[in-house]
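# Provide a 3D model corresponding to the input given below.
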Amino acid sequence: MSGYIGPIPVPQGIQNKETFTATAGQTTFNTNGYTDGAFINVYLNGVRLINGTDYTATNGSDVVLTQAASVSDVLDFETFNSFSLASQQFENITTKNPTHEDTDGGRESALSFQGEQSGGEISTLAAIQASHDGTADDQKGDLIFKTNDGSDNNAPTERLRIDSNGSILTATLGTDNVHLGEGAGDSIASGGDNNVTIGKDAGTAITTGSENVAIGYLAGTAITTGTDNTFIGTEAGKNTTDRNHNTAIGNQTLYTNVNGSKNVAVGSGALLTMNPATDADTFNVAVGYDAGGLITTGNQNTLIGGLAADALTTGQYNTSVGYKAQSLDTQGSRNVSVGYEALANQNFSTATDSFNTAVGMHAGKEITVGIHNVCIGGEAGDALTDADYNIAIGKGALGTDTLGSSSIAIGEGALLNQNFTTATAVHNVCVGHATGNQITTGQ
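Predicted coordinates:
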């Protein structure tokens, strides 16, 4: 470049020239853009100006004179931008940083993607950068993906990094967080650590909450400072904010909850409406489709099975295991129902500690508002309705009675045919296979 005066162009650079005629007092001239203000020449009426003294060039498009030009002054611009290739095909491309170093993030080289806005401004939309991973004298590398958030100018923000171990790391202000999906984990701040948010707006409100997992559309979307929650499924745990140690897996599981902690809901709609009036450790466990789906303020219930206790609202301390176990009850408490449709028709419309125990297929199935009954065995006490204080143990024991109370039948078929159609304290006791099985209304 014999006879050339000015900065050395960037390697593989393209020289562009523009000429402007100034208006009176003009200081700012908008060029077609430049990559680096250090690689631009400015001439005023043929005299080269000095960067930083006679003009500034910092934003990638404008050149601003320190002293305003006079009318009809001629300003010439020479810019040296990065070499660009259009519609070319290459089998391999190699970029090399010649600096000898072992610093973390050193030896970097990058591929930038630029575009022009409607006013001609050049902006860097994204970049892919490779650099050294760690500080050892080794070959480890990171691959970093950056995008422009609209205000990054020529320095896009890191969004995703693949480190030398193959780990995929997403960029947040907290530590060791992963977020994938539009809006996922967008609000994580310093102090919000070890969160995993995957799906549109999953965990989008988390600030300083830590060790949360939110996977699915709007899963855990309202969590702010809550910790140790696991929400997997569309809208799982959607409204929980600052509560802790909840597990919800399935579509809209634990959907309404704001104030409850230490709950487990597994199955579409499980614990859908649960929400205690104030912050509380509610300890509900619901596993199965719609299990405990209408619980509002009930607590310490264990409900396992499709539609298990699915009408329960404020009842508490219940254990229901099996399809439709205690399925109609709304406010009964302290019951145990284990088996297909055990206590299926029990239903207390006011808060009642009913203390019924039914274990076996259809055990105590027809009990509605009876209390303190023990029915153990397939179809044991399965016709009782508004009857109390009975003990029926064995297949079909006390299997016909509807309104008789205070009987004991132990053994298969014991008191099988006893049946009182009006409320009666019977006090029959039969122990043994088929004992008393011919008694109807005797006592």
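# hey, let's count contacts and neighbours off CA atoms from now on
Fine.
# measure Ala248 to Asp228 for me?
Using Cα to Cα, to the nearest Å, Ala248 is found at 12 Å from Asp228.
# looking at these two now, which is surrounded by more residues?
Per other Cα atoms under 10 Å, whichever of Ala248 and Asp228 has more neighbours is Ala248, with 34 against 18.
# ok, the more buried one - contacts?
Thr230, Phe231, Ile232, Ala236, Gly237, Leu254, Asn263, Val264, Ala265, Val266 (Cα atoms under 8 Å, 6 or more residues apart in numbering).
# which secondary structure element is home to it?
Here Ala248 sits within strand 247-249, counting by DSSP states H and E.
# partner strands of that strand, with direction?
Strand 247-249 pairs in its sheet with strand 230-232 (parallel), strand 264-266 (parallel), by DSSP bridges.
# which other residues reach the first one?
Contact partners of strand 230-232, identified using Cα under 8 Å, 6+ apart, comprise 212-216, 219-220, 237, 245-250.
# show me where pLDDT drops low in the protein?
1-15, 80-90, 172 (pLDDT under 70).
# which residue ranges make up each domain of it?
With domains defined by automatic domain parsing, the chain comprises 14-81, 109-170.
# ends of the last one, how far apart?
Just to be clear, that refers to domain 109-170. For domain 109-170, the end-to-end distance is 20 Å (Cα to Cα).
# what is the distance between it and the centre of its chain?
In terms of Cα atoms, centre = their mean, to the nearest Å, the centre of domain 109-170 is set 26 Å apart from its chain centre.
# quick revisit: distance to Gly115 for the contacts of strand 230-232 - can I get that in a markdown table?
Below are those laid out as a markdown table (distance: Cα to Cα, whole Å):
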| residue | distance to Gly115 |
| --- | --- |
| Asn212 | 38 |
| Val213 | 37 |
| Ala214 | 36 |
| Ile215 | 35 |
| Gly216 | 34 |
| Ala219 | 36 |
| Gly220 | 37 |
| Gly237 | 41 |
| His245 | 47 |
| Asn246 | 46 |
| Thr247 | 46 |
| Ala248 | 45 |
| Ile249 | 44 |
| Gly250 | 43 |
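# pick out the most distant pair among those residues.
Using Cα to Cα, those span at most 18.3 Å, a distance reached by Gly216 and His245.
# ok, back up a step: and the next helix or strand after the strand holding Ala248, what does it pack against?
Using DSSP H and E, the helix or strand that follows strand 247-249 in sequence is strand 260-261. Packing partners of strand 260-261 (3 or more Cα pairs under 8 Å, 6 or more residues apart in numbering; DSSP states H and E): strand 280-281.
# rewinding a little: and Ala397, which of the strands paired with strand 247-249 is closest to it?
Nearest of the strands paired with strand 247-249 to Ala397, taken as Cα to Cα: strand 264-266 at 34.8 Å.
# and the contacts of that closest one?
By Cα under 8 Å, 6+ apart, strand 264-266 touches 246-250, 253-254, 271, 283-289.
# buried ones in it?
Using 16 or more other Cα atoms under 10 Å as the test for burial, strand 264-266 gives Val264, Ala265, Val266.
# dig out what the first one forms beta bridges with.
Pointing back at Val264 there. Thr247, Val285.
# for Gly216, see how far away it is.
Taking Cα to Cα, one finds Val264 at 17 Å from Gly216.
# now the strands for the stretch 1-150 of the chain?
14-21, 28-30, 40-44, 47-48, 55-56, 62-65, 74-81, 109-116, 122-132, 141-147 (DSSP state E, counting those that start in this stretch).
# any chance of these in TSV, plus distance to Ser187 and mean neighbour count?
What follows is the strands of the stretch 1-150 of the chain, written out as TSV (distance: least, Cα to Cα, whole Å; neighbours: other Cα atoms under 10 Å):
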stretch	distance to Ser187	mean neighbour count
strand 14-21	42	14
strand 28-30	37	16
strand 40-44	40	19
strand 47-48	49	13
strand 55-56	37	16
strand 62-65	34	20
strand 74-81	37	20
strand 109-116	27	14
strand 122-132	22	21
strand 141-147	17	20
